[in-house]
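> pasting the structure only:
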């Protein structure tokens, strides 16, 4: 081993062995091959880079062109929308949008009505039983008050047919809301508590439309039908001569009463955004309590009972007070009270509902649960 | 090790807005939750760290508990409840290009469903911005929903008390799907998902697999450009699962539909997706390929050795089990390269056969989950 320099270190570098000619050739070939390979790779990498840059430039260009196109399109539509320019068919875009919107709304009402009819027509015997049971239960729920009025010739300054009118009025209010609120639209706390609101998030419709198109005209109209029948009977038997504008006034008062009921329901339902489980049934509790209380004629009641029922718990505005207005038993300035109250409670409930909704989507606990759409 | 956002290696520097299906930018999401307060001793009991004094007192506590005296202390906790803020997502950022099939995985409670809900507009982020198909889920909800398909594990969009076809017709009206598109898509999903027989069955009467297929079919009726699937294969049998996976791959490949899917079945995810995003504790911890994920956990490889009876001694390899001359080993190729492994195998006595394969992705992920805990 003496004299063998292999493995010895010279100034930190290992002394290289002198290569033989065939090894030198091999070494140079390998070197050239490596250089060729490196060159090829560099070239490919450079080409890839160039390609990517070209693609990106194309993407940018395409994006800018599309953006520009959309901006032009939007500008043109806005111009048409504000009526400066007529679109095809001789209608402005706004007119077309309104017409399409109305058409779509009726299409949506139609599909829900169709589904309601399909569920009812599954079995004719079932259909007959459902309708009969509904009508009987609606009439029996108000018959107690009417029989008392019949026995004593009226209650609290209202004669027996005026009492019947009041009962019919209340039935129409609740009957219409039940029919239109087929998908729990009247009870939003149920929608929130049962995790149904999440199904609404993923539907391409405004919430207001979703809440008003769930119509159940065949299974949910018994109360409305019985109410209309009773109203006709009451008006027919009353001796009062009604002015020509009275039907319009009736419709207006019905609308106001419905707004109050819906607003009260939404006001209390806003609590469900903060406590979905605990408040799931809060709206139904409020509405059913009002529904039970609205059957009592408040004429002749002491003020400390009457006033709370016209303000903090507005069951009196569901039937009794509008009946007094429609029968001409109130003073003129008082006639505006239900409309003013409806406006106020609508604003208050809209404010709190939006606030609760904001909390729910920002901080609240999501309750998207199984079960799909339910009525 | 993984607690930093890992950017995709092949992600181009410029992401044209038009090419992006999803853009999540520094999104955080917090919830508030009511929680019962725990006293210090209860906390210590749970954590298993007891001081000498507490050790002493715990025996006394047990005696008191037996007598029913300590019940009062526990009763107090009912009246001591506190509101806690829970961070479901913490500064999460990622992008998904159009036409991609991306898996979104993470342990239970990691924030997967929260992300899905944020993308579908069911929730709003506490901070950060989300753009889906170039739109804001909050501001452009209606326009976005016409292009988005959402399917959450056991949630159904079918009408429970109506035949499936009725739900499809309802969707046609609500989504305002043109007749031609509706008919084409209905024919396509009926054929591909094999729902011809269940179209007229009531949704409540369908089995889970049938219902999932019907839900998937319904989701595709409006030709969505982006599909968000939260555990779509949960509870499905092998046949139904295969059918769903094949279908999703096909619509991604042929229709160019972007798909973001979450699942706990990692083998399914690996089969479906080209890229995986992993989330843990509300933070994005991995964004890349499945192979890249394997490399992170040490490039584990399994191999089976068939011998004439004796157990081979292989240095650097972990024996997982063996019976009747067949032994299964695990090796980390980042520590022990393949060349070395083959050399060792060739030198071992009595080896008749060798079979090498990659470690199942399930095992890789399980190892990661354990590390994150």
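Received it, and whenever you're ready, just let me know what you need. All values derive from a computational prediction rather than experimental measurement.

> which residues of the stretch 251-373 of chain B fall in strands?
Taking DSSP state E, counting those that start in this stretch as the test, the strands found in the stretch 251-373 of chain B are B:258-262, B:275-280, B:283-288, B:300-307, B:317-323, B:326-332, B:351-358.

> now the ones you listed in CSV, with mean pLDDT and mean neighbour count?
Where you see a C-beta, it was placed from the backbone N, CA and C, and this is true even at glycine. Formatted as CSV, those follow (pLDDT from 0 to 100; neighbours: other Cβ atoms under 10 Å in any protein chain shown):
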stretch, mean pLDDT, mean neighbour count
strand B:258-262, 92, 24
strand B:275-280, 88, 23
strand B:283-288, 86, 21
strand B:300-307, 82, 19
strand B:317-323, 81, 13
strand B:326-332, 83, 18
strand B:351-358, 80, 13
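
> tell me the pLDDT of residue B:8.
Looking at residue B:8, its pLDDT stands at 42.

> and for residue A:54, the neighbour number?
10 (other Cβ atoms under 10 Å in any protein chain shown).

> assumed it was part of a strand.
No - going by DSSP: H, G, I helix; E, B strand; the rest coil, the assignment for residue A:54 is helix, not a strand.

> wait, what's in contact with it?
Not one residue lies near residue A:54 by Cβ atoms under 8 Å, 6 or more residues apart in numbering or on different chains.

> residue A:292 should be in a helix, yeah?
Yes - counting by three-state DSSP, residue A:292 is part of a helix.

> quick check: it vs residue B:341, distance?
According to Cβ to Cβ, to the nearest Å, residue A:292 stands 82 Å off from residue B:341.

> picking that back up, what's the closest of the strands of the stretch 251-373 of chain B to chain A?
Minimum separation from chain A across the strands of the stretch 251-373 of chain B (Cβ to the nearest Cβ) falls at strand B:258-262, 14.3 Å.

> okay, now the unreliable bits of chain B?
By pLDDT under 70, the weakly predicted segments of chain B are B:1-18, B:34-81, B:154, B:297-299, B:359-363, B:370-373.

> all helices of it, in order?
B:40-47, B:52-67, B:71-79, B:112-119, B:141-145, B:164-174, B:179-192, B:208-219, B:238-254, B:266-272, B:290-296, B:338-347, B:361-372 (DSSP state H).

> most tightly packed of the ones you listed?
Mean neighbour count (mean count of other Cβ atoms under 10 Å in any protein chain shown) peaks for helix B:112-119 among those, with a mean of 24.

> neighbours around residue A:325, how many?
Count around residue A:325 with other Cβ under 10 Å applied: 22.

> same question, residue A:28
Using other Cβ under 10 Å, residue A:28 has 10 other residues around it.

> tell me which element it falls in.
helix A:21-81 (DSSP states H and E).

> next structured bit after that helix?
helix A:93-120.

> give me the helices and strands touching that following helix, please.
If you count contacts as 3 or more Cβ pairs under 8 Å, 6 or more residues apart in numbering or on different chains; DSSP states H and E, helix A:93-120 packs onto helix A:21-81, helix A:124-152, helix B:164-174.

> next, the buried residues of it.
Neighbour counts over helix A:93-120 (16 or more other Cβ atoms under 10 Å in any protein chain shown) mark A:93, A:95, A:104, A:108-109, A:111-113, A:115-116, A:119-120 as buried.

> check stretch A:283-297 too.
A:283-284, A:286-287, A:290-291, A:293-297.

> quick one: residue A:131 from chain B, how far?
Taking Cβ to the nearest Cβ, to the nearest Å as the measure, residue A:131 falls 18 Å from chain B.

> ok, that residue - contacts?
Per Cβ under 8 Å, 6+ apart, neighbours of residue A:131: residue A:222.

> distance of it relative to residue A:231?
Residue A:131 sits 19 Å away from residue A:231, going by Cβ to Cβ.

> redo the strands of the stretch 251-373 of chain B as a markdown table? Include distance to chain A.
Shown next, in a markdown table, are the strands of the stretch 251-373 of chain B (distance: least, Cβ to the nearest Cβ, whole Å):
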| stretch | distance to chain A |
| --- | --- |
| strand B:258-262 | 14 |
| strand B:275-280 | 17 |
| strand B:283-288 | 19 |
| strand B:300-307 | 28 |
| strand B:317-323 | 33 |
| strand B:326-332 | 30 |
| strand B:351-358 | 28 |
